[in-house]
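Visitor: attaching a predicted model along with its sequence, questions to come.
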Amino acid sequence: MTREPRIAVIGAGMAAARFAERYHALGGTARVTLYGAEPRAPYNRVLLADVLTGRYDADAISLPFGRAELRPGAEAVGLDPAARLLTLADGSTEPWDKLVLATGANPVLPPIRGLRRPDGTGLRDGVHALRTLADCARLTEDATQAQRAVVIGGGVLGVSTARALAALGLAVEIVHQGPYLIERQLDAQAAAALRGALRALGVETYPGNRARAVTAAGEVELANGYRLDTDLIVLACGVRPRTALAHAAGLAVGTGIVVDDTLATSAPHVHAIGDCAQHRGTVHGLAGPAWEQADVLAARLSGADPEARYTGSRPLARLSAGPIEYAAFGDVQPDEQPELDVLRLTDATRGSYKKLVLRGDRLVGAILLGDLATVGDLARALERDDPLPDHPLHLLTTLGAAR
Amino acid sequence: MTTTTPAATATHCPYCSLQCGMLLAPTAIGSAVPVQVRERADFPVNRGALCGKGQNAAALLAPGVRLSTPLVRTGGGELRAATWAEVLDRVAAGLAAIRAEHGADAVGVFGGGGLTNEKAYQLGKFARVALGTATIDYNGRFCMSSAAAAGRLAFGLDRGLPFPLADIPHTECLILVGANPAETMPPALRYFRELRENGGTLIVVDPRRTRTAEQADLHLQPVPGTDLALALGLLHLLIADQTVDADFVAERTTGFESARAAAMAHWPERVESVTGVPVSQLREAARHFGRARTGMVLTARGPEQQSKGTDTVGAWINLCLAAGKAGRPYSGYGCLTGQGNGQGGREHGQKADQLPGYRSIEDPAARAHVAAVWGVDPDTLPRSGRSAYELLDSLGRPGPDGVRALLVMGSNPVVSAPRAAHITARLRELELLVVCDAVLSETAQLADVVLPSTQWAEETGTMTNLEGRVILRRQAVAPPPGVRSDLWIMRALAERLDSQAEFDDDPETVFAELRRASAGGQADYAGLDYQRLRAEDGVFWPCPAEDHPGTPRLFLDRFATPDGRARFAPVTHRPAAEQPDQEYPLYLTTGRVLAQYQSGAQTRRVAELTAAAPGPFVELHPRLAARLEVTDGEPLAVVSRRGRAVAPARITDAIRPDTVFMPFHWSGAGRANTLTNPALDPTSKMPEFKVCAVRVEKV
C-alpha cells in the first residue's frame, strides 16, 4: 500500500497559508503540512501596523489555511532534495513528496554601530524590527512607556510604523537615507505632500540622512553628526529573502530563490512562492503577488489546472495608514522621454496629489495621494491597457471616476 | 379612491414575486379583453401601486395572444390543431413507450417558478408517482437557488424575506446587493424611499449605476463576479472598526472564527484591487452598516447567479450575523425572489431533491410522510434527480443517462437557459417534447405537442410571495373553450398512465392535499385554507394549525438549526469561472428591463410593453464605444465561447468600462443567453448567468 502523498510547506506565513487554503479548496488530496518558525498560526502581516495602534487584536488577524496540518515553532534547518527529507531544528526529519519553500523574508539590519547587544545575541533594548507579531508585542510594550521614537527607514513600512506610533501619542522622527520618502514608489512631489501629512500627525522626516550609530545613551547619531534623543528605535530598512536553506541545499539562488513560470526551483519537486522567491529577476516582497503565486501553485499541485502559469505581476503599491493614503502603480517617474505626457493635479488645501503618466492614449503609471476615488478605474486601465478618454484629467476627479 | 363594481375580482398580478394586489373589473361587451385592471388599495404589499406590466396584464387574456387549441406536429413538421383526446392519447402513449424502453428516468419534467403552489405540488407528485421519474427540476434553479442554499445553511430555513416588506422602512441601514427593484419590481421601491425618508441609509452594490443605484446614499460598483470579496472586505472592516456584535455572535451563532479568518485574508486594499471599489467607499459602507442599530442585507440575482453564488450569499449573511443584524426586529438577511411563485415553487416538490413542505427527498421520514399522503409505498418514490441545467444538457443524449421525453410546464428554456443555443439543440434531439403553456413560447414552437393551459385570471390558485406570504389568486374570467388547466392535464395524463395515486383537478382540493403533505415540514401550510387566505390578505408560513396566526417574522427567538444558532459560512473569494483574457477581454452581465418580464413570453405579446421596450440592446461605456468606433444604436455583436448575439449599442456611462450588459428577455439574434456560461455553483447548481467573458465587434 502506498502512503498518502505529502506536501511540505516550509513557512507558515501569508503565502504558505494561501497555498494551503487554495490547495484544499481546489480539491487537492495530499496531506499538507506547514512548518512554521513562529510559534503560532498564520496571520496577516499586512495588518501589523494596525495591531500596533490597537485597531486589531493580535489574535484576530489569523488567516485560514485549509485542512493543512500546522507545525508551529518547527523551524526547518536542513533540506535534502535528493532524499526528499527535511530536517527540523529539534533534529527530527520529515519525508515529503513535494516541497514548497515559503520562507518569506527577514528585516534588513542596516550597518549602524550599536544596534546589537554587546554580546551579539540580538537587538539591544529599545531597538525594534517590525516583521512578526512577537516584534509587534515587544514594540507595543515599549511604546506605552515612551514619548519619543525614531524610525530608521522611510519606505512603506517606515511610514506606516511612524504613523502608528504617532497614533499612540509618540513624537516620531523618520531618518531616511533616500532623497525623499518611499522613493521606489513615489515621486518627489508626492513624497513632499506625504511628508506634510505626516508632520500634521506629529511625525517629522529627515530625508537624505543616514543613521550612523546608536550611542551608549540610546541616541541615534546621524552621519552629519546630529544626535536624536529617543526612547525607542524602529528599524524599517527593507527585507531580504530568506534563502539560506535553499542555498545550503544547492538550489539556484539570486536575490531570492530562483523559480520559473511554474514556480519550480532548480531542484525537482521543490517550489518556491512569496517573499523568498525570485521570478524573472524580480522579488516582489508584496502580499498581492505572493498570493497570485500561491494560487497558481495550488492550481498546479491540486490538479485543478496543471497547466497554470505565473507570468508576473504588475502590483499596485498601496498604503492606508489612518488618514494617510496613497496608491502608485506602473512607471511613475520615467526618464525624460519626449513621447510621454505627464498630468499633475495638486490640491494643497485638501492635501491631495495626483499624477498620470501617459504614452499617447495609454496609461503608463499613476500616483494618487489623499484622494483615491478613481483608483479602481485607473488600476483597471493600466492592467487592461485600455485607451483613456480624450480628457484624461477627468480620471483624476471623483466626478469623472466612472464617466 | 377608486370605486369598484361589485363584479370586480380581488386578485393578484401575473408577474413577479411581489404578487401585487389588483382588481379585475369586467369590461363592456365587445371589448378586446374581458376584464380591465383596477387599483386595489387595500392589499398591504403594493397599496394600489402597479407597474406598467401589471397595469397592462389584462392584454394577456386577448384571444389573439393566448393559445386556444391543442397543437400537434405533423409529419411535415408543422404544428396543427388537434383535439384533446388525440393529444392526450399521443402524449400518454409516447411517455409510456419511452419509459418502458429506457426506464422512467428517461422521461423528464421541467417546471416553473410561475406555477401556482397547487400546480408545483401536483407536478412533483405527477413526476414521482404517475411517471416514477427522478428527472424533474424547474427554472427556479436559475433564479434564486443559491440564496435558498445559503439561507438553509446559515439559518436552517429558506424563506425569501424573514420579515414583511413593511419592515424595511424601519431599518437604519440597508444594503441591496445585485438587485434592481426600480426596474424589476417598481411597486417595492416605495419601501426603500420610505427608509430614506425615515433617515435610514440605502447602500446599493451593482456593477451598473441602475435606476435603483441612483437612489442610493452610497453606490458600490464592483467588477462583476467579485461581490464575495466585497462582502468579506466589509466583514473585515466591521472587525477592524470593532462594530462586531460580540454578544450576539457568542449567544446566537456558531463558526465565527473561520469567518473571521477568511475576512482577515480580505483586507481593504486587497478587496479594492479585486473589486475595483475604492477603500474609502468600503469604509463608508462598513461604517454605516456597523454603527446602525438595525440593518438588513437583501440580495437578488447579481450575487446569486454565479458559480460561487451560495458562498457569495453566505458571505453577505456572515456580515449580518457579525453585526448582530439577524433574528431581531427590523434586521436580517433576505432574498428578493424573482418569479411570481419563486418562493412557493421551491417548497412543494418540483425541485429535483425535494418533497412538499420543503422536505428532502432523501430523508426517510419525509418520504414516509409524503408517500402516506399520496397513498403509495415510500420505496417506490424516486431519489434526487439532476439539476435544471444538467437535466437540459442531458436531453436527447444516447446512452442510459439520456432523457428522451420532456414535459415542460410554465417555462421557456429556449430563451432562459444558459448557453441557450446548445440547449435548443438538445431540445430538438428529444423523441417527445410536450409543452403546457398559455402562449406559443419559443420552447412551445419546438414541441411535438402543445397543450394550451389556463393562466392567472382564468383559474384559481395560491402563490407564495417573496415575503413568504401565501396569497390566493382568484379566477376572474372563464377560460376560452379549448383551454384546460394544468391540473386537469396532469389528471388526464395520470389516468392514461394508470397512476396508482389519485390526481384531482380542483385547486382547492389539491391545496387541501398540499396542506397535509406539507404538515410538519419547514414550509408548513397545514393551517391554511382558501377562506383564511381571502379573509386575511394572505398568511405567512409556517402556519402549522388553523388557530395559528402565521409567522410574519422568523428567527426572533431562535434560528431553525438543530441548536437554534445561525451558522457562519466558511467562505473565501475566488474568481468567476471565466475571466476576461486577450481573446474575450470584457465582462458580460445580464439582467432585466422595466417593461419586460423573464423570457418575455408574456410581456412581448403586450403592445404597450413592447412599445416601451421593443428589443434587446448592448449597454456599453462611452470609452469602450469610442475605441470600437461604435455610435449609439449601431448594431453590435457580442461574442463568447458559446456563441454570438447581435443587438444595437446603447452607450451609457452608467456601466463600467470593462463590462457590457444585455437584457435577457428576447429570443433570436439578440438572445443574451446564447452567450452565458453554464458553469454551475457546486451547492445550488445555479449557472453563472451574471458573468462571463466576451468580446464585442462592429457588425
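Guide: All right, it came through fine.

Visitor: what's the domain layout of chain B?
Guide: Taking automatic domain parsing as the domain assignment, the ranges for chain B are B:9-61, B:76-141+B:341-540, B:145-339, B:586-698.

Visitor: name the residues of chain B found near chain A, please.
Guide: B:209, B:221, B:223, B:239-240, B:258, B:260-262, B:264-265, B:267-270, B:272-273, B:275-280, B:570, B:572, B:574, B:580, B:585, B:622-623, B:626-627, B:653, B:656-658 (Cβ under 8 Å from any Cβ of the partner chain). (C-beta placed from N, C-alpha, C; glycine too.)

Visitor: can you do 7 Å?
Guide: Those residues of chain B that sit near chain A, judged by Cβ under 7 Å from any Cβ of the partner chain, are B:221, B:239-240, B:258, B:260-262, B:264-265, B:267-270, B:272-273, B:276-280, B:572, B:585, B:623, B:627, B:653, B:657-658.

Visitor: which non-adjacent residue is nearest whichever residue of chain A sits closest to chain B?
Guide: Of all residues in chain A, A:Gly376 sits closest to chain B, at 3.3 Å by Cβ to the nearest Cβ. Closest residue to A:Gly376 apart from its sequence neighbours, by Cβ to Cβ, 6 or more residues apart in numbering or on different chains: B:Gly276 at 3.3 Å.

Visitor: for that neighbour, give me its contacts.
Guide: A:Gly376, A:Arg380, B:Pro222, B:Val223 (Cβ atoms under 7 Å, 6 or more residues apart in numbering or on different chains).

Visitor: give me phi/psi at it?
Guide: Dihedral pair for B:Gly276: phi 80, psi 0, per degrees, to the nearest 10.

Visitor: all strands of the stretch 201-350 of chain B, in order?
Guide: Taking DSSP state E, counting those that start in this stretch to define them, one finds strands in the stretch 201-350 of chain B at B:201-205, B:218-220, B:253-254, B:295-299, B:332-335.

Visitor: would TSV of these with mean pLDDT be doable?
Guide: Output for these, formatted as TSV (pLDDT from 0 to 100):
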stretch	mean pLDDT
strand B:201-205	98
strand B:218-220	97
strand B:253-254	98
strand B:295-299	98
strand B:332-335	98
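
Visitor: including mean neighbour count and distance to B:Asn46, could the ones you listed go into CSV?
Guide: Below are the strands of the stretch 201-350 of chain B laid out as CSV (neighbours: other Cβ atoms under 10 Å in any protein chain shown; distance: least, Cβ to Cβ, whole Å):
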stretch, mean neighbour count, distance to B:Asn46
strand B:201-205, 25, 20
strand B:218-220, 21, 26
strand B:253-254, 19, 35
strand B:295-299, 28, 17
strand B:332-335, 28, 18
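
Visitor: for those strands, give me a markdown table that also has distance to B:Val403.
Guide: Listed next are the strands of the stretch 201-350 of chain B as a markdown table, based on distance: least, Cβ to Cβ, whole Å:
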| stretch | distance to B:Val403 |
| --- | --- |
| strand B:201-205 | 38 |
| strand B:218-220 | 42 |
| strand B:253-254 | 41 |
| strand B:295-299 | 32 |
| strand B:332-335 | 30 |
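
Visitor: for the ones you listed, which one sits closest to A:Gly256?
Guide: Closest approach to A:Gly256 among the strands of the stretch 201-350 of chain B (Cβ to Cβ): strand B:218-220, 37.2 Å.

Visitor: which helices and strands sit right next to that closest one?
Guide: Under the contact definition 3 or more Cβ pairs under 7 Å, 6 or more residues apart in numbering or on different chains; DSSP states H and E, strand B:218-220 sits against strand B:201-205, helix B:279-291.

Visitor: that strand pairs with which strands, and in what direction?
Guide: Strand pairing for strand B:218-220, determined by DSSP bridges: strand B:201-205 (parallel).

Visitor: mind checking how far the partner strand is from the chain centre?
Guide: 22 Å (Cα atoms, centre = their mean, to the nearest Å).

Visitor: what do you get for stretch A:377-386?
Guide: 23 Å.

Visitor: picking that back up, out of the helices and strands packed on strand B:218-220, which is the most enclosed?
Guide: strand B:201-205 (a mean of 25; mean count of other Cβ atoms under 10 Å in any protein chain shown).

Visitor: what's in contact with it?
Guide: B:172-178, B:192, B:195-196, B:212-213, B:215-220, B:222, B:227, B:230, B:285, B:288.

Visitor: out of those, which end up buried?
Guide: B:172-178, B:192, B:195, B:212-213, B:215-220, B:222, B:227, B:230, B:285, B:288 (16 or more other Cβ atoms under 10 Å in any protein chain shown).

Visitor: so which of the domains of chain B is the most surrounded?
Guide: domain B:145-339 (a mean of 23).

Visitor: how long is it from one end to the other?
Guide: With Cα to Cα, to the nearest Å as the measure, the ends of domain B:145-339 fall 12 Å from one another.

Visitor: tell me how far that domain lies from the chain's centre.
Guide: Distance, centroid of domain B:145-339 to centroid of chain: 19 Å (Cα atoms, centre = their mean).

Visitor: equivalent analysis for stretch B:662-675, please.
Guide: 18 Å.

Visitor: what lies in contact with it?
Guide: Residues contacting stretch B:662-675 (Cβ under 7 Å, 6+ apart): B:414-418, B:420-421, B:442, B:588, B:590-593, B:596, B:599-600, B:604, B:615-616, B:618, B:638, B:640, B:642-647, B:692, B:694.

Visitor: in helices, which of the residues of chain B next to chain A fall?
Guide: Among the residues of chain B next to chain A, DSSP state H puts B:239-240, B:258, B:260-262, B:264, B:268-270, B:272-273, B:279-280, B:623, B:627 in helices.

Visitor: now do the strands in the stretch 101-250 of chain A.
Guide: Under DSSP E, counting those that start in this stretch, the stretch 101-250 of chain A gives strands at A:105-107, A:127-128, A:148-152, A:171-176, A:203-207, A:211-214, A:220-222, A:227-228, A:232-235, A:239-241.

Visitor: out of these, nearest to A:Ala308?
Guide: The nearest among those, by Cβ to Cβ, is strand A:239-241 at 23.0 Å.

Visitor: which helices and strands does the closest one pack with?
Guide: Against strand A:239-241 (3+ Cβ pairs under 7 Å, 6+ apart) you get strand A:105-107.

Visitor: please enumerate residues in contact with the strand it packs on?
Guide: A:Ala129, A:Arg131, A:Leu235, A:Val239, A:Arg240, A:Pro241, A:Arg242, A:Asp275, A:Cys276, A:Gly285.
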